[in-house]
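1. Any chance you can model this:
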Amino acid sequence: MSNRTLLRPLALASLTANIALVVTGAAVRLTGSGLGCPTWPRCTEESYTTTPEMGINGVIEFGNRVLGIVLGLIALACFVAALLERPRRTSLVVLALVAGLGIPGQGVIGGITVLTDLNPWVVGLHFLLSMALIAVTYALWKRTFEGDRPRRSLVPAPLPALARLTAVVSAAVLVLGVVVTGSGPHAGDENAKRNGLDPEAISQAHADAVFLLIGLSVALWFALRAVRAPGAAIRAAGLLVVVELAQGLIGFVQYFTHLPVLLVGAHMLGACLVWVATLNVLWRLRERPFHEPPAAPLPAEHPTTAPAPAPVA
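-> Below is the predicted model of the structure:
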């Protein structure tokens with residue numbers, strides 16, 4: 001297997017593992033296991049691993065830490081594979097390095113989270129760093145299918161701007177979702193403090209941002225169809241709308257059913273899928289070929305034929 005084909009599945013594994021880390025982190029919070037391992041970097045003062053006395057909460061929290069280690073090993077493998085590629089591509093090496101450096105960053109923030117007794121703002125930062133790493137690992141995976149030639153847009157100029165605006169609003173929805181979570185009941189431990197904001201007011205702001213996001217996404221889908229954009233771009237925008245509607249439905253149901261843990265966990269996974277679907281739209285609107293496109297052939301020159309001389313009478 002060539003280095004390029006080796007890096008591609010490793011990058012996809014890194015992306016998948018970063019999403020899995022969000023889901024297991026949600027499980028830690030939703031099961032009240034945030035302090036299942038009450039210290040850091042050890043699980044207890046005497047042990048790096050969980051003990052039978054710590055019960056299921058210790059197992060859940062320790063499992064999340066182990067997944068972080070696995071994620072680090074995958075990131076290291078991605079970096080080595082990018083270095084071994086021939087010819088070596090600087091863009092892939094840099095992306096793999098950034099993805100790898102994010103893992104110890106997650107560990108440090110996770111440690112601060114435990115040492116501050118699950119401060120909701122630090123917990124939120126933990127989630128947002130995961131979203132940033134999902135973006136980086138998604139870019140690394142997609143770049144393995146592309147070359148390093150200058151980027152070319154596949155749609156008219158206003159549409160990439162609309163897609164970027166949609167991505168900004170998508171990111172804002174994630175940030176507001178973090179604030180909503182910090183004001184809600186699932187703190188990760190029954191004694192953990194909340195951010196003190198009004199959950200109803202913050203939830204309304206979050207819902208307003210979701211409506212804006214869906215409106216922009218639908219507009220982008222219609223615009224892509226109107227300009228006869230490539231089919232992959234139209235499908236990506238349509239998929240984004242579908243994922244957003246499903247995520248919005250989960251959000252409304254969980255709000256009106258008083259935040260059952262299973263729905264909240266599904267909503268956390270949905271947040272990752274909305275973000276990936278948003279990134280997918282951005283990537284489908286452009287291309288970066290491996291080589292310069294062949295020059296258009298010059299029009300053939302037809303020799304002019306002199307009219308036949310008139311017959312002499």
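2. For stretch 121-139, list every residue counted as buried.
-> By neighbour count with 16 or more other CB atoms under 10 Å, stretch 121-139 contains the buried residues 122-127, 129-139. The C-beta positions use only the backbone N, C-alpha and C, and glycine is treated the same way.
3. Could you do stretch 62-72 as well?
-> Those would be 62-65, 67-68, 71-72, for stretch 62-72 by 16+ other CB under 10 Å.
4. any idea which of these is closest to residue 8?
-> Set against residue 8, the nearest of these by CB to CB is residue 71 (17.7 Å).
5. Is the closest one in contact with residue 16, as I believe?
-> No. Using CB atoms under 8 Å, residue 71 makes no contact with residue 16, being 9.9 Å away.
6. Residues that sit against both of these two, list them.
-> Applying CB atoms under 8 Å, 6 or more residues apart in numbering, one finds that no residue jointly contacts residue 71 and residue 16.
7. Helices of this structure, residue ranges please.
-> Secondary structure of the chain by DSSP state H: the helices cover 3-30, 55-84, 90-115, 120-143, 158-183, 199-226, 231-256, 261-284.
8. Please state the mean pLDDT value computed over the second one.
-> Within the predicted structure, the mean pLDDT of helix 55-84 is 89.
9. Show me what that helix is packed against.
-> If you count contacts as 3 or more CB pairs under 8 Å, 6 or more residues apart in numbering; DSSP states H and E, helix 55-84 packs onto helix 3-30, helix 90-115.
10. Give me the distance from that helix to the chain's centre.
-> Its chain's C-alpha centre and that of helix 55-84 lie 17 Å apart, by CA atoms, centre = their mean, to the nearest Å.
11. relative to helix 90-115, how tilted is that helix?
-> 160 degrees (axes from the mean of the first three to the mean of the last three CA atoms, to 10 degrees).
12. do the first one as well
-> Orientation check (the same axes, to 10 degrees): helix 3-30 against helix 90-115 gives 20 degrees.
13. In helix 3-30, which residues are buried?
-> Buried residues in helix 3-30 (16+ other CB under 10 Å): 3-4, 6-8, 10-15, 17-22, 24-30.
14. Quick one: mean pLDDT for it?
-> 88.
15. My guess is residue 54 contacts residue 33. True?
-> No. Counting by CB under 8 Å, residue 54 sits too far from residue 33 to count as a contact (9.4 Å).
16. What separation is there between the residue nearest to residue 138 when sequence neighbours are not counted and residue 235?
-> Among residues not flanking residue 138 along the chain, residue 279 sits closest, at 5.0 Å (CB to CB, 6 or more residues apart in numbering). Separation of residue 279 from residue 235 (CB to CB, to the nearest Å): 15 Å.
17. okay, these two: which has more neighbours?
-> Using other CB atoms under 10 Å as the criterion, residue 279 and residue 235 rank with residue 279 on top: 20 against 15.
18. quick one, what contacts residue 130?
-> For residue 130, the contacting residues are 18, 21-22, 25, 106, by CB under 8 Å, 6+ apart.
19. try residue 205
-> Counting by CB under 8 Å, 6+ apart, residue 205 touches residue 176.
20. pLDDT value on it, please?
-> Residue 205 is assigned a predicted lDDT (pLDDT) of 94.
21. Tell me how far it lies from residue 243.
-> For residue 205, the distance to residue 243 - CB to CB - is 21 Å.
22. swap in residue 200?
-> When residue 200 is compared with residue 243 (using CB to CB), they lie 26 Å apart.
23. higher neighbour count, the two?
-> More crowded of residue 200 and residue 243, by other CB under 10 Å: residue 243, with 19 against 10.
24. Save the helices of the chain as a markdown table, and put in distance to residue 48 too.
-> Formatted as a markdown table, the helices of the chain follow (distance: least, CB to CB, whole Å):
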| stretch | distance to residue 48 |
| --- | --- |
| helix 3-30 | 17 |
| helix 55-84 | 9 |
| helix 90-115 | 13 |
| helix 120-143 | 20 |
| helix 158-183 | 29 |
| helix 199-226 | 37 |
| helix 231-256 | 36 |
| helix 261-284 | 27 |
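25. Among the ones you listed, which comes closest to residue 192?
-> For the helices of the chain, the distance to residue 192 is smallest for helix 120-143, at 7.6 Å, taking CB to CB.
26. distance between that closest one and the chain's centre?
-> What separates the centre of helix 120-143 from the centre of its chain is 6 Å, taken as CA atoms, centre = their mean.
27. relative orientation of it and helix 90-115 in degrees?
-> Using the same axes, to 10 degrees: helix 120-143 against helix 90-115 is 160 degrees.
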